[in-house]
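K.L.:
Predicted structure and sequence below. I'll ask about it afterward.
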2 protein chains.
Amino acid sequence: MATAVSPLAVPLPELPPLAGVRLSATAAGIRYQGRTDVVMMEVAPDSTVAGVFTSNQCPGAPIDWCRESLKGGKVRVIVVNAGNANVFTGRAGRVSCAETAEAAAELAGCPATQVFVASTGVIGEVLPHAKIVAVLPALQSALTADGWEAAARGIMTTDTFPKASTRTADIGGVTVRITGIAKGSGMIAPDMATMLCFVFTDAKIPADALQAMLKAGVDASFNCTTVDSDTSTSDTVLLVATGQTAHPAVSPDGMLADFSRALDEVLMDLALQVTGDGEGAQKRVRIDVTGATSDASAKKIAMAVANSPLVKTAIAGEDANWGRIVMAVGKSGEPADRDKLSIGVGGVWMAKEGAVIAGYDETPVVAHMKGLEVEIAIDIGLGQGKATAWTCDLTHGYIDINGSYRS
Amino acid sequence: MATAVSPLAVPLPELPPLAGVRLSATAAGIRYQGRTDVVMMEVAPDSTVAGVFTSNQCPGAPIDWCRESLKGGKVRVIVVNAGNANVFTGRAGRVSCAETAEAAAELAGCPATQVFVASTGVIGEVLPHAKIVAVLPALQSALTADGWEAAARGIMTTDTFPKASTRTADIGGVTVRITGIAKGSGMIAPDMATMLCFVFTDAKIPADALQAMLKAGVDASFNCTTVDSDTSTSDTVLLVATGQTAHPAVSPDGMLADFSRALDEVLMDLALQVTGDGEGAQKRVRIDVTGATSDASAKKIAMAVANSPLVKTAIAGEDANWGRIVMAVGKSGEPADRDKLSIGVGGVWMAKEGAVIAGYDETPVVAHMKGLEVEIAIDIGLGQGKATAWTCDLTHGYIDINGSYRS
């Protein structure tokens, strides 16, 4: 179906070459016609890698493959296809991963365990990996340091715009770069599963330090967002350090503070782009919870509000419906006291201490609700815990995209 | 807005008088115009009562009132209004409950603690209880044993049909009757919060025995259903025994088996009627999970599938999308092994042991998906745990009802 570009789309940033990374994309006809659907990303030998994956208990075969490969801490090639998620495909799915990785490894001259694979698309159909293997030589020939946009576009499924982010950071007086691309349009899209994110840096950082920073960064970004509460079977975030820029060797503590800051910014930027391309999204929503009994409790409350269909449809209707927000706070099951609760929208408190504010003037709130970005503030009034979550509104577009027959 | 009657609507059953119960309804103009919106239900002196209420941590004032009154185990009058939920109304909400109950108690000649109140409708607006108090004398004058349909209609909000169920049961050779009415059209509807259910019997049963049977019956019926995963701030189920039919005194064990069976049937019938009137519902969905590691695990899996927006939109699109069902099983977080999982629809297994069945013929499944009732079977393949959940599909109608501005 034809889908309009999200009103929350942002232009692709300028993406300069990053030492040690070359990318290419091609059309293999996995599912789509007339567009690129297989991407190769090649990195310098001895590049280190970190990864975080879906918490879904029924993950796709590529997730199993990546988890196993991650044990080595090294990566040389990443092969991604769009159009088929290679999920719930039994033994055939494992064969697809292995044969794709082995073919790519032979071309790159590395062990198959240094090839990572990711797939996004329809669930439950056998991945025709021969089509991928067939285009690998052409992909390798086409690798270029300028291939970022091609890669960002090649991994899209129901995405309405390509997603990328780049930052620089200082390590011991030397500037390094961090660049990431991502795709995602529903935690799991129609049958087009998945959020995928690939982040690269030219810094030289051991795999264990990368892993710790990636885990923390993802917890604070992607794991605070939700489109529809449905957790993909294929979610993958990989962080690769090519080590191609000379900087003082990193020590266990301190030196990576600025790098970590820049990484967090890239991850958050990409997470917000994914949220802004949520299926049918017309508005992005930020939910700030304060005063909870703990940060963990605040996060559960924020996510309960972010996942509430009634809150999300109210936002689609530009209705600052704090009654539904109260309901969602209460259904989280976390400590909350109706009579200490305050709710605000767009910087205006609407309800305090369990009731609407006397003389509450809806005018500025109504104006805020008409915008593309909606901010909800919730003060629980019980403690110091705080958290922020991001989501999008729930519109007819979501039903259009997901309620149509898959073939 | 005008809303068509649900295709899953059922005709109101014949509701004979039940000894010790009289009902009436009137139009007090709480919010709606031109329809009844306040209901009185009066029961014989010394009637016993049991109740279960929402698990929402931010419940409405009437929930607090009922929980307190329930400690006495006795009821004489129930007053219900539609159009305003009296939730998040602070001190004013507590005053509304108390003044309504005191006025009804004075008319009935009973303590205020024997008056139960329930409210359903918009959240966060002060309940104009003076309008309720003003009509109480007229409601009392109009009380009649034939008032069941009037009561079932008077408690509706976004419901598209009135909901009632009746059964008979045998206690020690004597036939008693159980009749219930319910309303509900979203776990929480637009701003029209709530599922309410009132069940009456002419049997003579102590409050503690009533409470145990009600708790078990609700767990097996209402608590296995979901419309949109949003838990109302006002959900209330009351069970009242008037003791007006003479039967052998009930003993702690055994004698209530048939009564309990009939009660469970009434509760399940009403729960299915509520599910069939889910906002925008065009199909009802039954999800049977078997082979889980425990019954509790099976229930979590069944509810994860029942609450998945992607499963529900697929059903709206008449798409037997087992990929999304696999995803929902996996996101439940419960023990599951992709390679042991089987998925069936309409009595046909589509996928077994982690992959689609060889030679799977979609024809009978496609036909089943076009019907009003969709049955999903999930075998986890790990143990003996089983559970069933009910939900409805997620359609444009849900967005229409919930995405429009509230005033």
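P.N.:
Cool, the structure landed.

K.L.:
any idea which element the one residue in the stretch 201-350 of chain A that gets nearest to chain B lies in?
P.N.:
Here the stretch 201-350 of chain A gets closest to chain B at one residue, residue A:323, 2.8 Å apart by CB to the nearest CB. (Each C-beta comes from the backbone N, C-alpha and C, glycine too.) Using DSSP states H and E, the element containing residue A:323 is helix A:322-331.

K.L.:
For that helix, name the packing helices and strands.
P.N.:
helix A:295-306, helix A:309-316, strand A:342-345, strand A:348-352, strand A:373-379 (3 or more CB pairs under 8 Å, 6 or more residues apart in numbering or on different chains; DSSP states H and E).

K.L.:
Return the most buried member of these.
P.N.:
Looking across the helices and strands packed on helix A:322-331 with neighbours counted as mean count of other CB atoms under 10 Å in any protein chain shown, the highest average goes to helix A:309-316: a mean of 28.

K.L.:
Serialize the helices and strands packed on helix A:322-331 to CSV and add fields for mean pLDDT and distance to residue B:341.
P.N.:
Converted to CSV, the helices and strands packed on helix A:322-331 look like this (pLDDT from 0 to 100; distance: least, CB to CB, whole Å):
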stretch, mean pLDDT, distance to residue B:341
helix A:295-306, 92, 26
helix A:309-316, 90, 27
strand A:342-345, 94, 41
strand A:348-352, 91, 45
strand A:373-379, 96, 38
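
K.L.:
I'd like these as TSV, with distance to chain B appended.
P.N.:
Below are the helices and strands packed on helix A:322-331 laid out as TSV (distance: least, CB to the nearest CB, whole Å):
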stretch	distance to chain B
helix A:295-306	9
helix A:309-316	4
strand A:342-345	9
strand A:348-352	7
strand A:373-379	11
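
K.L.:
I'd like to know which of those is closest to residue B:111.
P.N.:
When those are compared by CB to CB, strand A:348-352 sits nearest residue B:111, at 33.7 Å.

K.L.:
Quick one: residues in contact with the closest one.
P.N.:
A:320, A:322, A:326, A:341-344, A:356-357, A:360, A:364-365, A:368, A:377, B:88, B:124 (CB atoms under 8 Å, 6 or more residues apart in numbering or on different chains).

K.L.:
returning to what we had before: include distance to residue B:273 when you put the helices and strands packed on helix A:322-331 into TSV, please.
P.N.:
TSV is the format used below for these (distance: least, CB to CB, whole Å):
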stretch	distance to residue B:273
helix A:295-306	28
helix A:309-316	21
strand A:342-345	33
strand A:348-352	34
strand A:373-379	34
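
K.L.:
sorry, back to before: my guess is the residue of the stretch 201-350 of chain A closest to chain B contacts residue B:121, does it?
P.N.:
No. Assessed by CB atoms under 8 Å, residue A:323 is found out of contact with residue B:121, at 10.1 Å.

K.L.:
Would you mark the buried spots in stretch A:4-13?
P.N.:
A:6, A:8-9, A:12 (16 or more other CB atoms under 10 Å in any protein chain shown).

K.L.:
What's the separation between residue A:26 and chain B?
P.N.:
Residue A:26 sits 26 Å away from chain B, going by CB to the nearest CB, to the nearest Å.

K.L.:
number of nearby residues for the closest residue to that residue other than its chain neighbours?
P.N.:
Spatial nearest neighbour of residue A:26, excluding adjacent residues (CB to CB, 6 or more residues apart in numbering or on different chains): residue A:135 at 5.1 Å. A total of 22 residues lie near residue A:135 under the criterion other CB atoms under 10 Å in any protein chain shown.
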